[in-house]
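Undergrad: need a structure here:
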Amino acid sequence: MSMNYSFSIVLPTYNVSEHLNRCIKSIQAQTFIDFEMIFVDDCGVDNSIDIIESHAQNDDRIKIIKHKKNLGTYHARATGVRAAVGKYLVFLDPDDEIKPDLLLRLAEKINTSPDIIFYGVNFIPARPWYKKKAFLYADLTQETIPGSICNKRGNEFLWGATPGKCFRKDFYIDVLESLKIQRDFRFVYAEDQLVIYASYFQAKSVENLYYDGYIYYKNDTSISRLERNKDLSLQLEQYQYFLDKLYLTMASQDLPISHQVIFDRLFSYLKSNYYLISRHQSHLVDYLECLDTSNKLDFKFRKLFAIFIYCFTFGKIRV
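TA: Numbers count the residues shown, from 1 in each chain. Model prediction:
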């Protein structure tokens, strides 16, 4: 197979045995076959690797890399990236899947070697009607990449999660090198946002593939879904690390003034999300203060609505 336009699909793997067959079959069903699958075993305790090895017996495109200890999602992806031989990287969580012609459609976009290709995501179950749709595509009418990732009308930024983004491998490795995340830091929440938002200010060219090729399943056991349980303190700790690392990384790059203005807006937007998460750990007036601080950093009518509901119900309903 030619390696000129191939893809490496990187799958950080940790206790996902119940979803793996569905995920692997979706990859093997691709109509574009010049790709490899890299599964990084992050020391789970179920039979995930046994399932992968059974598929590998009949598919030599499957590679398995095993960590000696659990390092977290960030380092699992980084391990897969450094082992990749494909020109472009597609990240896929093993509890999700991709549509059969996603790689074929992406292959049509890589002739000009863009640093990032954005594509669409199909959410299962569908997002509730009252929630805004995720902002998934760059605004290619803007003069700069940082400018293209900001929706000025809604004052929001491109979705910072992994799904829906394909990266040129060499570019992605440069971004990882700029972040300098210590190997012994277990980074499992907002880790993809750190890489993605940092990449927006280093990219030279981007493309959009207007196609919902990633199928994203809501997984209630994910750390990103644990907002109101005992792991909330870990989530806040990791989000603060993400904010600090992103700020320091951008400060070291001597951004042009126009880019710095956009980054300052982005950082306020991200910091407002920290206070939104914090409100679930707070009580009484602290809950309102978190919402109020979040709204001052990034104004949204829905936050005012949450404050109103909380006050109207004397704190019985938190949204």
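
Undergrad: Need phi/psi at the nearest residue to I62 once chain neighbours are set aside.
TA: With sequence-adjacent residues excluded and distances taken as C-beta to C-beta, 6 or more residues apart in numbering, I62 is closest to A56, at 4.0 Å. Backbone N, C-alpha and C define where each C-beta goes, glycine included. Taking degrees, to the nearest 10, you get phi -70, psi -20 for the backbone angles of A56.

Undergrad: N70 versus A56, what's the distance?
TA: 22 Å (C-beta to C-beta, to the nearest Å).

Undergrad: any idea where the helices of the stretch 201-319 of the chain begin and end?
TA: With DSSP state H, counting those that start in this stretch as the criterion, the stretch 201-319 of the chain has helices at 232-251, 257-278, 285-297, 301-312.

Undergrad: Format those as JSON lines; extra columns: distance to K87, mean neighbour count and mean pLDDT.
TA: Output for the helices of the stretch 201-319 of the chain, formatted as JSON lines (distance: least, C-beta to C-beta, whole Å; neighbours: other C-beta atoms under 10 Å; pLDDT from 0 to 100):
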{"stretch": "helix 232-251", "distance to K87": "25", "mean neighbour count": "16", "mean pLDDT": "95"}
{"stretch": "helix 257-278", "distance to K87": "27", "mean neighbour count": "17", "mean pLDDT": "94"}
{"stretch": "helix 285-297", "distance to K87": "39", "mean neighbour count": "17", "mean pLDDT": "87"}
{"stretch": "helix 301-312", "distance to K87": "41", "mean neighbour count": "14", "mean pLDDT": "82"}
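
Undergrad: want to throw the ones you listed into TSV with distance to G213?
TA: Shown next, in TSV, are the helices of the stretch 201-319 of the chain (distance: least, C-beta to C-beta, whole Å):
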stretch	distance to G213
helix 232-251	27
helix 257-278	26
helix 285-297	33
helix 301-312	29
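
Undergrad: Point out the one among these that comes closest to Y200.
TA: Y200 lies closest to helix 257-278 among these, at 8.2 Å (C-beta to C-beta).

Undergrad: ok, residues contacting the closest one?
TA: 144, 146-147, 150, 155-157, 193, 197, 201, 227, 232, 235-236, 239-240, 242-243, 246-247, 250, 255, 290-291, 293-295, 297-298, 303 (C-beta atoms under 8 Å, 6 or more residues apart in numbering).

Undergrad: With stretch 103-115 instead?
TA: 5, 7, 30-32, 34-35, 87-88, 90, 117, 119, 166-168, 171, 199, 202-207, 209, 211, 213.

Undergrad: which parts of that stretch are buried?
TA: Judged by neighbour count using 16 or more other C-beta atoms under 10 Å, the buried positions of stretch 103-115 are L103, R105, L106, A107, K109, I110, P114, D115.

Undergrad: quick check: longest strand of the protein.
TA: Of all the segments of type strand in the chain, defined by DSSP state E, the longest one is strand 206-217.

Undergrad: tell me what that strand is packed against?
TA: Where contact means 3 or more C-beta pairs under 8 Å, 6 or more residues apart in numbering; DSSP states H and E, strand 206-217 is packed against strand 97-98, helix 102-107, strand 116-124.
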